[in-house]
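Asks: Any chance you can model this:
(2 chains)
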Amino acid sequence: MTRRNRALGAALGGLVAASLVATAAAALYLRERNAGEQALAEAPARSYALQLAKAVRAAGDDPTAAQAAALRVKARGERVQLAAVVVEPRSTKYRFLRKRRYLAHSDASRQRQVLDRRHAGDKAIYDLANRVRHEGSIIELHAPQDEPVEVTAAEPVRVGGKHHATAVVITRPAVPAPGTPAWPLAAGLALVALLGLAAGAATPKRYVVVAGGVVGFVLFAWWQLGKLEAFYQARAAAALTAPHPRWPLVLAAILALGIVVLGHLRLGERLATGLRRHRVAYLYATPAALGMLVLVFVPFGYGLALGFFNHAHGTYTFVGLKNFVEILSGGGRPLSHPLNFYFTLGVTVLWTGTNVLLHVAIGLALALVLKDPLLRFKGAYRVLLILPWAVPNYITALIWKGMFHHQYGAVNHVLELFGVEKISWFSHFGTAFAANLVTNTWLGFPFMMVVCLGALQSIPRDVYEAAEVDGASRWQSFWSITMPLLRPALFPAIILGTIWTFNMFNIIYLVSAGAPGGSTDILITEAYRWAFERADRYGLAAAYALIILLILMAYTLITNRMTKATEDTYS
Amino acid sequence: MRSSQTKRLLTHAVLITFTGLTLLPVALVVRKAVTPGQEFELTLNPIPSRVTLEHFRAVVGASLPDGTWLFGRQLLNSVLAAVGTTVLGVFLACTAAYAFSRFRFPGRRFGLLTFLVVQMFPATLLMIPLYVILSRLGLLSSIAGLVLVYATTAIPFCVWMLKGYFDTIPRELEEAALIDGASRLRIFYQIILPLARPAIAVTALFCFMTAWNEYILAATFLGKETSYTLPVLIKSYVGEYGSTQWGSFAAGAILVSVPVVALFYALQKNLVAGLTAGSVKG
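Replies: Numbers count the residues shown, from 1 in each chain, chains lettered A, B, ... in the order given. Coordinates of the predicted model:
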């Protein structure tokens, strides 16, 4: 080890430590800031919703009393807009009509008025009121789209003799978030830089010192951020008793351990030697590597961590392996239930298998017909037949969704010409699956056709002539010449096609949309639904994605071995 | 002789039927786009009885009550997202592809494998963490955020495509330049990059196509109508329950696909070549 290498190693170690700690500090800071803002926004909204709910309940059917209560509650908090929405009985004239009216409103002129979507905020209130009827108490921190309200909270109430659920909604105009003191972060970064430098000529002993320093810093930051949190909570109208997070301690311990191990193994120095020898190569690879680090590895790590948390209403709680257990145990649902993991897995395997089989069969058949050099217009056929590959696949999906329309769809029309009754394609598993399958077959065979055509043209003709001379039938020469020679080209194509089909999100999501009852969903659409369509269960969805990734990895590994085996046989 | 002629006729008949069936869905969409009314007509005849451009006019002319030209805005979003992804992908990948093609260094195998795996597996798997991260950074509903998401697959794709091409450039060129005293950097900029221009163009166009055609990430990450890209707009014409405007959908679908279908046909030879080199995502 030269001195130069040692110095480089030290600098490198310092840099790694510094960036790790900086990331941790920034994450910590942002997390606490979010928590603070959330507390600030959430606490009063919630408490006002409860107060108004109480007052309205007490007022019973009396609109004047309810209105007075609304104004009274408003007097306590500025810049809030309060409304109690009552759902009117069904109109006698139009049975489907149920008007929503303000029982009370902090803007007195709107009392007794019907909710009107042209009014700022009314649509958000209307939606919240509806949701409350189904879901109970709601706190919503995100601004509804295109509405000038930021925080909304709602509580269900039952009013007097009329048994119509009434929602109480609080909205408030967007207020810029209060400025956050930036000094803890700046001080933290400065300290980290110092520590990085101190990591200097690194010997194991010094690493221990540095690790101690890092632990100290993390604890310091934790303490400072605790103060920051207190600062926000003090500004919130009602202080929330959020438990002080414990994980920074764990993080600090892991960091310290990591640094000690790094120092002990002289990993920095070894890395430096490698870096110096291949300096140019690493320099060239850096931009893409950095891009991948930020865009793929960080989200991947984040997703991995997310798999161990449960998300509900904007807060995450650590649940260990519960998400994975829930998925892999089928979530307590019977095997025939569409939301059972193994049911979905079975559908996915069936989906992938049938598709790839059809793609290869159709593609190969067409390629065998088109390879004939004497065939006329073969170029034209080829150009026309790859059109499905060229069309963006979401458009394909939507076109076929239209084709399978119960009433106007072309498919049912064709069936009628043959005297078959119209089929409601998306109300049975079999037909919905078939609809997806037809769509994806249309989309997928051109790829296999092109691959087969390319491979077939590279088989020399004299091989067939020799076989013919030897008296081989066409069938025999297909199985003993064409297929084996096709395999090296077809195998990778099948692997690729399998992975594409396994993950063919757009077709499932847009054609059958999982209908009926989520039974035609495949793994990847199921994961998506857990994240974005079923109460934002990000943790469970992340765990799902991880399991899918593992399945794909296993598949790739196995097929990789098999490809190697075929290559060995035929090369 | 006679039997071979019948056979040829039969082959053509089968091929024509199959090609016709393949083209029918597209033909029906084209017919819908130029016939009045929003519902599909119950006929398989792809020739429209009456031609109108009203659907195209409605789709292109769509605007918000406050006068914002919605279609223009969404077209701009689509172009920005696709161009941004392409520039980011190609720019970051050029040098890395060169390194992977020319140098042998520790981590090369790991790097190549990672790039392959990442571009083969769908971005949908990274979608959940990306969504949470972007929402924390306030980058949801922004084209910049979408470009970052697209870049997750665009970078590895570009690296593989370009590496495949760099492999075909003879090393002798560089050796000669090295002997003449050119620096590595100079060799890269003055010899390799100009030679690779066609490959870079093809890679860029594929990147552009992929981003232009992407639906689900855009639909999930973009919340505001003014931030939609065109695929999200097209999907919005196809409602959940019977409220589908098939006419507008058909017109929009044609407007969006014609450029990429043309590009696809222009580039399909390279696509197949790239596939055999073990890259390209569907």
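Asks: In stretch B:229-238, which residues are buried?
Replies: B:T229, B:L230, B:P231, B:V232, B:L233, B:I234, B:K235, B:Y237, B:V238 (16 or more other C-beta atoms under 10 Å in any protein chain shown). Using the backbone N, CA and C atoms, a C-beta is placed for each residue, glycine as well.
Asks: residues contacting the last one?
Replies: Translated: B:V238. The contact partners of B:V238, taken as C-beta atoms under 8 Å, 6 or more residues apart in numbering or on different chains, are A:L398, A:K401, A:G402, A:L510, B:T244, B:Q245, B:W246, B:F249.
Asks: Would you quantify the distance from it to B:F105?
Replies: 50 Å (C-beta to C-beta, to the nearest Å).
Asks: For the stretch 201-350 of chain A, which residues are neighbours of chain B?
Replies: Residues of the stretch 201-350 of chain A found near chain B (C-beta under 8 Å from any C-beta of the partner chain) are A:274, A:278, A:280-292, A:295-296, A:298-300, A:302-303, A:306.
Asks: quick one: which of those sit in helices?
Replies: Under the assignment DSSP state H, those contribute A:274, A:280-292, A:298-300, A:302-303, A:306 to helices.
Asks: where does the stretch 1-150 of chain A dip in pLDDT?
Replies: In the predicted model of the stretch 1-150 of chain A, residues A:1-47, A:60-61, A:73-81, A:87-98, A:117-121, A:133-150 satisfy pLDDT under 70.
Asks: what's the closest of the buried residues of stretch B:229-238 to B:A81?
Replies: Distance to B:A81 across those (C-beta to C-beta) is lowest for B:T229, with 5.7 Å.
Asks: Quick check, the closest one in contact with B:V149.
Replies: No. With contacts counted by C-beta atoms under 8 Å, B:T229 stays clear of B:V149, the gap being 11.9 Å.
Asks: which residues touch A:G216?
Replies: Taking C-beta under 8 Å, 6+ apart as the test, A:G216 contacts no residue whatsoever.
Asks: Could you grab the helix/strand/coil label for it?
Replies: Using DSSP: H, G, I helix; E, B strand; the rest coil, the structure places A:G216 in helix.
Asks: show me where the stretch 51-200 of chain B has helices.
Replies: B:54-61, B:70-102, B:108-120, B:127-137, B:143-166, B:171-179, B:184-187, B:193-195, B:197-212 (DSSP state H, counting those that start in this stretch).
Asks: If we ignore the residues flanking it in sequence, what's nearest B:H55?
Replies: B:A251 (3.6 Å; C-beta to C-beta, 6 or more residues apart in numbering or on different chains).
Asks: From chain A, how far out is that neighbour?
Replies: As for B:A251, its distance to chain A is 12 Å (criterion: C-beta to the nearest C-beta, to the nearest Å).
Asks: Next, the contact list for that residue, please.
Replies: B:A33, B:H55, B:F56, B:A58, B:V59.
Asks: 10 Å instead?
Replies: B:A251 is in contact with B:29-30, B:32-34, B:53-60, B:234, B:237, B:245, counting by C-beta atoms under 10 Å, 6 or more residues apart in numbering or on different chains.
Asks: go on, B:L205?
Replies: When contacts are counted by C-beta under 10 Å, 6+ apart, B:L205 touches B:T86, B:V260, B:L263, B:F264, B:A266, B:L267, B:N270.
Asks: Any of those buried? List them.
Replies: The neighbour count (16+ other C-beta under 10 Å) marks B:T86, B:V260, B:L263, B:F264, B:L267, B:N270 as buried among the contacts of B:L205.
Asks: can you tell me which of these are up against chain A?
Replies: Among the buried ones among the contacts of B:L205, the ones lying near chain A by C-beta under 10 Å from any C-beta of the partner chain are B:V260, B:L263, B:F264, B:L267.
Asks: Tabulate those residues in TSV, adding columns for pLDDT and secondary structure.
Replies: Below are those laid out as TSV (pLDDT from 0 to 100; DSSP: H, G, I helix; E, B strand; the rest coil):
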residue	pLDDT	secondary structure
B:V260	92	helix
B:L263	90	helix
B:F264	89	helix
B:L267	84	helix
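Asks: so which of the residues you listed comes closest to chain A?
Replies: Nearest to chain A, judged by C-beta to the nearest C-beta, of those is B:F264 at 3.9 Å.
Asks: Going along the chain, name the strands of chain A.
Replies: With DSSP state E, the ranges of strands along chain A come out as A:81-87, A:100-105, A:138-140, A:152-158, A:165-171, A:309-312, A:315-318.
Asks: residues contacting B:K269?
Replies: Counting by C-beta under 10 Å, 6+ apart, B:K269 has contacts A:V450, B:V202.
Asks: And A:G471, by the same measure?
Replies: A:G471 neighbours (C-beta under 10 Å, 6+ apart): none.
Asks: quick one: it from A:V298, how far?
Replies: 65 Å.
Asks: do B:P65 as well
Replies: 41 Å.
Asks: Look at these two and report which has more neighbours.
Replies: With neighbours defined as other C-beta atoms under 10 Å in any protein chain shown, B:P65 and A:V298 compare such that A:V298 has more, 15 against 5.
Asks: The more buried one reaches B:I133, doesn't it?
Replies: Yes. Using C-beta atoms under 10 Å, A:V298 is in contact with B:I133, at 7.7 Å.
Asks: which residue packs closest to B:G37, ignoring adjacent ones?
Replies: B:G247 (6.2 Å).
Asks: Please confirm that the one you found is located within a helix.
Replies: Yes. B:G247 sits within a helix when classified using three-state DSSP.
Asks: isn't it right up against B:Q38?
Replies: Yes. The criterion here is C-beta under 10 Å, and B:G247 meets it with B:Q38 at 4.5 Å.
Asks: Determine the residues that are contacts of both of those two.
Replies: In contact with both B:G247 and B:Q38: B:K32, B:H55, B:A58, B:Y237, using C-beta under 10 Å, 6+ apart.
Asks: Any stretches of the stretch 151-300 of chain A with poor pLDDT?
Replies: Looking at the stretch 151-300 of chain A by pLDDT under 70, you get A:151-153, A:155-156, A:158-210, A:221-250, A:252, A:260, A:262-268.
Asks: at 50 what do you get?
Replies: A:163, A:173-182, A:201, A:235-245 (pLDDT under 50).
Asks: Going by secondary structure, the residue nearest to B:H55 is in what exactly?
Replies: Here B:A251, judged by DSSP states H and E, is contained in helix B:246-276.
Asks: ok now that helix, how far from the chain's centre?
Replies: 8 Å (C-alpha atoms, centre = their mean, to the nearest Å).
Asks: I figured A:D470 hits A:I481, correct?
Replies: No. Using C-beta under 10 Å, A:D470 is not in contact with A:I481, being 11.1 Å away.
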